[in-house]
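Participant: Need coordinates for the following:
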Amino acid sequence: MVSPLQAFAVFALTCLSLAAAATEPVRVADSVYAFVEAPDEVAPENGGRVANGGFIVGPTGITVIDTGVSYRHGLERIAAIRRVSDRPIEAVILTHAMQEFIFGAAAFAENGAAFITHAKSTELMRARCEHCLANLRTTLGEQAMDGTRLIVPQRTVDADTVLEIGGRAIELMHPGWASTPGDLLVRDRTTGVLFAGGVIQVDRIPELRDGKLDPWVRAVARVQHMAPTAIVPGYGPILDVAGAGRTADYLAALDRRIRELYAQSTSLLDAVDAAALPAFSHWAGYATIHRRNALTRYLELEVEDLER
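Facilitator: Numbers count the residues shown, from 1 in each chain. Purely as a prediction, here's the structure:
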C-alpha cells in the first residue's frame with residue numbers, strides 16, 4: 001500500500017517533470033521570441049521535440065513560425081505564447097514541409113489561425129506527410145501523437161512577399177530550392193530577426209534527402225548577405241551572421257570529400273564508409289544522416305556523369 005508521503009513524492013516528481021518539460025520561449029528581440037530545442041533526431045527520449053520555431057507579437061496579433069512535432073507539442077507552444085501575450089494568434093507560417101515543424105499545427109487550428117506556407121511545401125505535404133505521420137506514431141507512440149493530424153495551409157506564396165500580420169510587417173522570402181523545394185525565410189522588419197527554417201541548421205547534420213546542395217549553399221549566402229540582427233535556425237542555437245555559415249561549411253565539406261572519392265573511382269559503399277568529416281562528428285545525426293548524405297551525393301555525381 002502506498003503511504004500518503006509516497007503518494008506526495010510521486011506527485012511532486014511528476015510536477016517537477018512536467019515543469020522541466022514545459023516549453024519556454026527565448027526573447028530574441030523586442031516582441032520576438034524563439035523556441036529553441038536540443039537538436040537531434042526524432043526519438044521517444046526527446047518526444048520529437050528537436051526543431052526550433054518562434055513567434056512575433058504585433059500590436060494587434062501574433063505571428064507563429066513553425067509549430068512543433070505533434071498536437072501536444074503545439075499545445076505546449078500555445079501555452080508558452082500565452083505566458084507572454086494574450087493577443088490573438090492571427091497566422092502560422094510553416095517554413096518548410098518537415099515533420100518536426102508542421103504537425104503541431106492541429107493545436108493552432110483550434111485557435112482559428114490562418115496557415116501560410118510556400119506552394120511547393122503544400123505539394124510535398126499532400127504527397128507524403130500522411131506517411132510521415134504514420135511513422136511518427138510508430139516511433140513516438142500513439143499517446144505522444146494523440147490528436148495530431150495533417151493541416152495543409154490554404155494560403156500559399158511562391159515568391160518573396162511582405163505580409164501585414166498583427167500590425168507588424170513580416171517578410172517571407174523564398175531562396176529557391178535549398179533544404180526542400182518550398183523553403184521560406186521569415187524576417188521581422190521591425191527588429192531584423194530572421195527565422196531561417198531548414199535553410200540554416202547547426203549542431204545537427206543538414207539532411208540532403210529533399211535538398212539541393214549547390215542552391216542550398218547559395219541560400220545560406222543570401223541569408224548572410226541580408227545581415228539579420230539574429231538568426232533562429234531550424235535546428236541549433238540562435239546565431240549571428242557568421243554562425244550561419246556553418247551550414248554551408250558542412251555542405252561544402254561533404255561535396256569536396258565525395259568528389260575526391262568519386263574521382264578516385266571509389267565504390268559507392270566504400271565511399272560512404274570513407275566519407276568521414278571529423279570537424280562535424282559532434283553534430284547530432286552524424287552517424288546516420290551524414291552517411292545518407294554521402295550516399296545521396298555520390299549518386300548525384302553519377303547522374304551528372306551520365307548526363308554529360
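Participant: for G104, what are its contacts?
Facilitator: Listed by Cβ atoms under 8 Å, 6 or more residues apart in numbering, the contact partners of G104 are D66, T67, G68, V69, S70, Y71, H73, G74, L75, R77. The way it works is simple: take the backbone N, C-alpha and C, and place the C-beta from them, glycine included.
Participant: Now with 7 Å, please.
Facilitator: Listed by Cβ atoms under 7 Å, 6 or more residues apart in numbering, the contact partners of G104 are T67, G68, V69, S70, Y71, H73, G74, R77.
Participant: Ok, T180 next?
Facilitator: T180 sits next to H96, A97, M98, S121, L124, G198, D210, G211 when contact means Cβ under 7 Å, 6+ apart.
Participant: and the first one, what pLDDT?
Facilitator: Confidence per residue is given as pLDDT, and for H96 that number is 98.
Participant: so who does it touch?
Facilitator: With contact taken as Cβ under 7 Å, 6+ apart, H96 is in contact with S121, S179, T180, G182, D183, L184, G197, G198.
Participant: May I ask which of these has the most neighbours?
Facilitator: For the contacts of H96, the largest neighbour count, defined by other Cβ atoms under 10 Å, is 32 neighbours, found at G197.
Participant: That one looks like it's in a helix, true?
Facilitator: No: in this structure, G197 is strand, not part of a helix, as judged by DSSP: H, G, I helix; E, B strand; the rest coil.
Participant: any idea which helix or strand carries E171?
Facilitator: In this structure, E171 is located in strand 168-173 according to DSSP states H and E.
Participant: Tell me the helices and strands packed up against that strand.
Facilitator: Contact analysis of strand 168-173 by 3 or more Cβ pairs under 7 Å, 6 or more residues apart in numbering; DSSP states H and E lists strand 161-165, strand 185-188 as its packing neighbours.
Participant: Determine which stretch of those strands is the most buried.
Facilitator: Among these, ranked by average contacts under mean count of other Cβ atoms under 10 Å, first place goes to strand 185-188 (a mean of 24).
Participant: Could you spell out the sheet neighbours of that one, each with its direction?
Facilitator: As defined by DSSP bridges, the strand partners of strand 185-188 come to strand 168-173 (antiparallel), strand 193-201 (antiparallel).
Participant: ok, back up a step: select, from the contacts of T180, the two members most distant in space.
Facilitator: The most widely separated members of the contacts of T180 are S121 and G211, with 13.6 Å between them, by Cβ to Cβ.
Participant: Show the residue spans covered by the helices in the stretch 201-308 of the chain.
Facilitator: Counting by DSSP state H, counting those that start in this stretch, one finds helices in the stretch 201-308 of the chain at the ranges 213-226, 241-263, 268-273, 289-307.
Participant: returning to what we had before: a markdown table for the contacts of H96, including distance to I151 and pLDDT?
Facilitator: Output for the contacts of H96, formatted as a markdown table (distance: Cβ to Cβ, whole Å; pLDDT from 0 to 100):
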| residue | distance to I151 | pLDDT |
| --- | --- | --- |
| S121 | 12 | 98 |
| S179 | 21 | 98 |
| T180 | 17 | 98 |
| G182 | 15 | 98 |
| D183 | 19 | 98 |
| L184 | 16 | 98 |
| G197 | 17 | 98 |
| G198 | 18 | 98 |
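Participant: can you put the residues you listed in a markdown table and add distance to E24?
Facilitator: Formatted as a markdown table, the contacts of H96 follow (distance: Cβ to Cβ, whole Å):
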| residue | distance to E24 |
| --- | --- |
| S121 | 28 |
| S179 | 26 |
| T180 | 28 |
| G182 | 29 |
| D183 | 27 |
| L184 | 25 |
| G197 | 21 |
| G198 | 23 |
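Participant: Which member of those residues is positioned nearest I231?
Facilitator: Proximity of the contacts of H96 to I231 (Cβ to Cβ) peaks at G197, which lies at 10.6 Å.
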